[in-house]
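A.B. asks: What shape does this take:
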Amino acid sequence: MECEPPRTGGRPRIRIPLSLEENLAGVILAALALITFANVVVRYLTRFSFAFTEEFSIFLMVMMAFLGSSSLMAKRAHLNITYFVDRLPAKTRRVFRIVSTALTAFTFFLLTILAARMAWDEYRFEVTSPGLGIPTWLYTIWFPILSLAITGRAIGVILRTWKGDD
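C.D. replies: This next block holds a predicted model:
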């Protein structure tokens, strides 16, 4: 007996809308495309490139990874290797899913703490980026925030799985 989550319109029932992550990811993707396109045009016309675009592009790509992870966590669409788990009885499979998601939540909670400490250190020691001289805490402050979002999404999955909604 397969344990598929009840879905409305192809999405799990969650309290905080996924549109938060998805809309922000769309804006970031548009910014990445614009920055890259502008860099290519300038390089083609002048044989010089915008050196600062790499710094922003890397930051935006990491943001996309965190936003995508948060959205996929809520949808339970993250990468799973379920060869053995799928062969277990439904109750045991449910326990494995809760435990594995709890470990994921714990990992991202630890990442939240460590990333917050890193951002604080960069703020406290006034670390600046090598390319533009921008304070690096402006980049790194988003990592604990997004790690906490992933932790929250994982806790939501645990609760839905516990109640049998997922």
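
A.B. asks: Okay, and the residue positioned nearest the centre of the chain sits in which element?
C.D. replies: Central residue of the chain (C-alpha atoms, centre = their mean): Phe66, 1.9 Å from the mean position. Using DSSP states H and E, Phe66 falls within helix 52-75.

A.B. asks: Buried residues, that helix. List them.
C.D. replies: 53, 55-56, 59-60, 63, 66-67, 69-75 (16 or more other C-beta atoms under 10 Å). Placement of C-beta: from N, CA and C, glycine included.

A.B. asks: Just the closest of the residues you listed to Ala31, please.
C.D. replies: Set against Ala31, the nearest of the buried residues of helix 52-75 by C-beta to C-beta is Leu60 (6.1 Å).

A.B. asks: is it true that that closest one touches Ala31?
C.D. replies: Yes. At 6.1 Å, Leu60 and Ala31 qualify as touching, with contact defined as C-beta atoms under 8 Å.

A.B. asks: So what's the gap between the top helix by length along the chain and the chain middle?
C.D. replies: Taking DSSP state H as the criterion, the chain has its longest helix at helix 90-124. How far helix 90-124 lies from its chain's middle: 12 Å, per C-alpha atoms, centre = their mean, to the nearest Å.

A.B. asks: what helices or strands is it leaning on?
C.D. replies: Contacting helix 90-124 under the criterion 3 or more C-beta pairs under 8 Å, 6 or more residues apart in numbering; DSSP states H and E are the following elements: helix 137-140, helix 142-163.

A.B. asks: which residues touch Ser129?
C.D. replies: Glu55, Pro135, Thr136, Tyr139 (C-beta atoms under 8 Å, 6 or more residues apart in numbering).

A.B. asks: cutoff 7 Å now
C.D. replies: Glu55, Thr136 (C-beta atoms under 7 Å, 6 or more residues apart in numbering).

A.B. asks: Now do the phi/psi pair for it.
C.D. replies: phi -70, psi 150 (degrees, to the nearest 10).

A.B. asks: What distance do you get for the residue lying closest to Pro135 once chain neighbours are set aside to Ser49?
C.D. replies: Closest residue to Pro135 apart from its sequence neighbours, by C-beta to C-beta, 6 or more residues apart in numbering: Thr128 at 5.8 Å. Remark: distance between Thr128 and Ser49 (C-beta to C-beta, to the nearest Å) = 21 Å.

A.B. asks: Fine by me, thanks again.
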